[in-house]
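**Q** would you be able to build a 3D model of this:
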Amino acid sequence: MSLISLDRWRGKVAIITGASAGIGAAIAEQLVQEGLQVVGLARRVERVEELAKKLKGKKGKLHAVKADISKEEDILNAFKWTSDNVGPVHILVNNAGVAQKTNLTTEGDTEKWRQIFETNVMGLCIATREAVKIMQAKKIDGHIIHINSIVGHRILTLPGRNVYPASKFAVTALTETLRHELRHLGLKIKITSLSPGRVATEFGQNVVTDPKILEEMKKLPRLTSESVANAVLYVLSTPPDVQIPELMIQPMGEEF
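**A** This is a model prediction of the structure:
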């Protein structure tokens with residue numbers, strides 16, 4: 001099999017959370033071009049709808065579904081809609097994530113901490129559970145990919161991170177725990193944690209709001225969303241007997 005061949009997935013269904021911009025949108029676009037039926041979940045569903053229009057005529061199709069990944073009911077409804085209207089899920093990309101500007105000390109904001117964990121951890125767990133239920137019932141050897149982060153493996157001395165790294169460390173642990181659970185169940189569902197370094201997206205701009213700092217950050221080495229999407233395609237292209245539990249990618253010259 002060619003290193004980058006998605007033949008086995010063509011015509012199959014992929015669900016991507018946080019598909020309205022950045023990494024999620026780039027993954028959705030590339031999977032549609034590869035011939036998949038992609039369901040893009042997002043709160044800003046109009047952005048996914050615009051991308052779907054742009055991708056008309058490609059091998060696959062993008063379906064836009066409004067969903068807030070911090071709300072269990074939204075996730076359950078999105079999976080049901082997908083099964084009823086597109087088909088059973090074969091690939092899940094847990095990309096939705098939030099960061100909030102606060103700290104762990106005197107100005108620590110309980111609600112902002114909760115928002116981070118509700119999306120980055122609980123939403124990811126709920127979506128994963130629903131995908132595994134469907135894959136098991138339909139006997140699908142699927143693939144679940146968590147978009148993690150380099151800060152899910154080591155703590156960086158960056159301002160405003162508060163509980164965000166803890167949420168990503170949780171994703172690292174959840175990936176490995178799920179791998180063992182799937183093995184014990186005898187399921188051939190793959191699980192991968194994909195951990196990028198700094199990426200040039202709008203994500204995190206609510207944490208760093210100083211225009212001068214934002215301009216300085218633009219000068220630092222950064223991955224593109226398309227590079228992360230390419231890594232997703234690489235992971236998906238592996239043959240059925242190969243699993244990549246963790247893939248870390250960084251821009252050349254990144255300082256940490």
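**Q** show residues contacting stretch 183-194.
**A** 132, 135-136, 140-148, 152, 171-172, 175, 178-179, 182, 228, 231-232, 235, 238, 240, 243-247, 249 (C-beta atoms under 8 Å, 6 or more residues apart in numbering). From N, CA and C alone the C-beta is placed, and that goes for glycine too.
**Q** whichever of those residues end up buried, select them in ChimeraX.
**A** Burial among the contacts of stretch 183-194 is assessed by 16 or more other C-beta atoms under 10 Å; the matching ChimeraX selection reads:
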select :132,135,140,142,143,144,145,146,147,148,152,171,172,175,178,179,182,228,231,232,235,238,243,244,246,247,249
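**Q** just the contacts of stretch 183-194: which are in strands?
**A** The members of the contacts of stretch 183-194 that map onto strands under DSSP state E are 143, 144, 145, 146, 147, 246, 247, 249.
**Q** identify the residues contacting residue 199.
**A** Counting by C-beta under 8 Å, 6+ apart, the residues that residue 199 touches are 22, 23, 222, 223, 224, 225, 228.
**Q** end to end on stretch 114-124, go ahead and measure it.
**A** 14 Å (C-alpha to C-alpha, to the nearest Å).
**Q** which residues sit against that stretch?
**A** 17, 69-70, 72, 75, 94, 96-100, 146, 162-164, 167-168, 170-171, 174.
**Q** 10 Å instead?
**A** Contacts to stretch 114-124, defined as C-beta atoms under 10 Å, 6 or more residues apart in numbering, come from residues 17-18, 41, 67-72, 74-75, 92, 94-100, 102, 109, 126, 144, 146-149, 152, 162-164, 166-171, 173-175.
**Q** buried ones in that stretch?
**A** Neighbour count says stretch 114-124 has 115, 116, 117, 118, 119, 120, 121, 122, 123, 124 buried, by 16+ other C-beta under 10 Å.
**Q** where's the last one, which helix or strand?
**A** Element membership of residue 124, judged by DSSP states H and E, is helix 124-137.
**Q** what angle separates that helix from strand 143-147?
**A** 170 degrees (axes from the mean of the first three to the mean of the last three C-alpha atoms, to 10 degrees).
**Q** identify each buried residue in helix 124-137, please.
**A** Neighbour counts using 16+ other C-beta under 10 Å place 124, 125, 126, 127, 128, 130, 131, 132, 134, 135 of helix 124-137 among the buried residues.
**Q** same deal with stretch 32-50?
**A** Buried-residue list, stretch 32-50, by 16+ other C-beta under 10 Å: 32, 34-43, 45, 47-49.
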